[in-house]
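Trainee: Predicted coordinates and the sequence they were generated for:
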Amino acid sequence: MPTLNWIGKEAVVNHHLEVPFHLLKDMPDLACGDPGSGNLIVEGDNLVALKALLPYYKGKVKCVCIDPPYNTGNEGWAYNDNANSPAIRKWLGETVGKEGETLDRHDRWLCMMYPRLALLREFLTDDGSIFICLDDNEIHALRYVMEEVQFQFIATAIWQKNFAPKNSAKHFSEDHDYVAIFAKKAETWRPNLVARSDDAIARYKNPDNDKRGPWTSGDLQARNYYGDGTYPITCPSGRVIEGPGKGMYWRFAEKNFLRLDQEGRIWWGANGDNMPRLKRYLSDVKAGIVPQTLWFHGDVGHTQEAKKELLSAVEFDTSDDVFITPKPTRLIERILQISTNPGDLILDSFAGSGTTGHAVLKMNAANPELEPRKVILVEMEPKVVREITAERFRRVAEGYTNTKGEEVGGLGGGFRYVTLGDALFDETGQIRDTVRFAELARHVYFSETGEPLPKERVSAKTPLLGIHRGKAIYLLYNGILSDRSIGGGNALCRETLQVIEEINTGHEGVEQTVVYGTSQRLSPARLKRGRIDFKQIPYHLRIS
């Protein structure tokens, strides 16, 4: 397999493994609706955020949909890199400067993307896929990098982003961008069919009132040799067609053709005198069509449509604040139609203007009887994520007044909003002293249940975090039982077990007890008898 080399590659190929794990800090004042709906907005550098999210969502995301910087040379993008690796620090210090100085912009883009792509692969289900929007600046390099991080190529779709030529173009007026499509495992990934457009459905008509319903016709001739495919045909009008055209063959043997004609499945034209054609009924075709790689603006939207959607949903102080090339929701809907089903989880780690979140809410509202899709959005710029990404999601979910003064009804839905807290571990591998009980409790509970820690438990003075489907989850940390000693309240021993069992007796339906603590001093038999699963801090908190 061909490989791609660039300045800084050696420093980044294992960088995603060295990124320190950070806790997530809930910001309930910035949340919307039901924070337990499954939707999540993360404020922070996406490399650190992905590492922080990995214990919760590894192997659970059906589709990653990202719109990373196109690297045009005029974007001024800068992704922070809180790396601990001496190699990456040296590289950052020596080579990463302003655009156009010591490091080529393509090198810089590849160094930024490589560790993020490596982490994104870890989130996908075995039948998951990733869709990446790009233009000609980096599409050539992307495929090599994707193959190096073990994605498998599916196709490259061409999106018609503009519908009118730009006369100011120096060479060509660029009408398209790309959507590069890769799967975690191509042998298990299959695209969903795309719904037929109204125009496609309109091609099916019923001029002869066929009881089988609307139909369109197909050619009965083919170029492939068929031994029984040459014979004369008599039209209903009496005209005799001596055979198919030169070098052509009828698709059916004569006896099968006569049977189809008797069943009314052959169309001879309004006067019964035309070359015969086979009727293809709308009721017989699949519910949709196989996805194609040409995506026209009439089907999936264009850049101007995207800007109108964004300006309608979010207020901007000046035109300079508006995203230059946002994506239309119809484009993202097409991606999600192909790659996901109701109830699936979507991840966008370059959330920007929040189009992916908007598209998910539209799809959920269109089919309220189905299990809603869920989405995770990550955006690093605080001003962008709070005033645009989250604000757009909130307004679209709850309803808003657009720039024309019209009331737009809400689509429903909500989200949990989090920022990145301190790194969980220090340089020695121990939990930092600054990590509070409530912060670690959220991480432990989410790791065990996949759900946010209930609000009433965040400030509760008890080691019981909650009972989830018969499993009682406990955290012995930071003196929650008023004893910080190594062998005391932070360890599972006879005394702390007695406290835990007393708490359990006050709750019905406890079938198993999971205890996180610094150590445990009980025999295996005692743990088995009490149906206790002990997980030692910090080792069971590390990312696999």
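Mentor: Alright, I've got the coordinates.
Trainee: make it CA atoms for all contacts and neighbour counts henceforth
Mentor: OK.
Trainee: Residue 54 falls within a strand, correct?
Mentor: No. Counting by DSSP: H, G, I helix; E, B strand; the rest coil, residue 54 is not found in a strand; it is helix.
Trainee: Would you mind finding the longest strand in this structure?
Mentor: Ranked by residue count, the top strand of the chain under DSSP state E comes out as strand 124-134.
Trainee: Give the partner strands of that strand in its sheet and their orientations.
Mentor: Based on DSSP bridges, the strands next to strand 124-134 in the sheet, each with its direction, are strand 61-66 (parallel), strand 176-183 (antiparallel).
Trainee: Quick one: closest of the ones you listed to residue 376.
Mentor: Distances from residue 376 to each of those were compared using C-alpha to C-alpha; the shortest belongs to strand 61-66, at 9.4 Å.
Trainee: May I have the closest one as CSV, with CA atoms only?
Mentor: What follows is the C-alpha trace of strand 61-66 in CSV, where atoms were taken according to Å, rounded to 0.1, in the frame of the first residue of the first chain:
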residue,chain,number,x,y,z
VAL,A,61,-21.2,5.7,16.8
LYS,A,62,-22.8,4.7,13.5
CYS,A,63,-21.7,7.6,11.4
VAL,A,64,-18.9,10.3,11.8
CYS,A,65,-19.8,13.3,9.7
ILE,A,66,-17.1,16.0,9.6
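Trainee: Rounded mean pLDDT for whichever strand or helix holds residue 439, please.
Mentor: The secondary structure element spanning residue 439 is helix 437-449 (assigned by DSSP states H and E). When pLDDT is averaged along helix 437-449, the result is 85.
Trainee: Show me the domain layout of this structure.
Mentor: Using automatic domain parsing, the domains assigned to the chain come out as 9-192+291-419, 198-284, 424-541.
Trainee: how far out from the middle of the chain is the shortest one?
Mentor: In terms of C-alpha atoms, centre = their mean, to the nearest Å, the centre of domain 198-284 is set 45 Å apart from its chain centre.
Trainee: can you tell me the distance between the two ends of it?
Mentor: The straight-line separation of the ends of domain 198-284 (C-alpha to C-alpha, to the nearest Å) is 17 Å.
Trainee: do the first one as well
Mentor: The straight-line separation of the ends of domain 9-192+291-419 (C-alpha to C-alpha) is 29 Å.
Trainee: Would you mind measuring from the nearest residue to residue 297 once chain neighbours are set aside to residue 303?
Mentor: Of all residues beyond its chain neighbours, the one nearest residue 297 is residue 160 (5.3 Å), with distances taken as C-alpha to C-alpha, 6 or more residues apart in numbering. Computed as C-alpha to C-alpha, the residue 160 to residue 303 distance reads 9 Å.
Trainee: before we move on, what about residue 515?
Mentor: Taking C-alpha to C-alpha as the criterion, residue 515 is separated from residue 303 by 52 Å.
Trainee: Check residue 447 too.
Mentor: 40 Å.
Trainee: Equivalent analysis for residue 511, please.
Mentor: When distances are taken as C-alpha to C-alpha, residue 511 and residue 303 turn out to be 55 Å apart.
Trainee: okay, the two: which has more neighbours?
Mentor: For residue 511 versus residue 303, the count of surrounding residues by other C-alpha atoms under 10 Å is larger for residue 303: 18 against 14.
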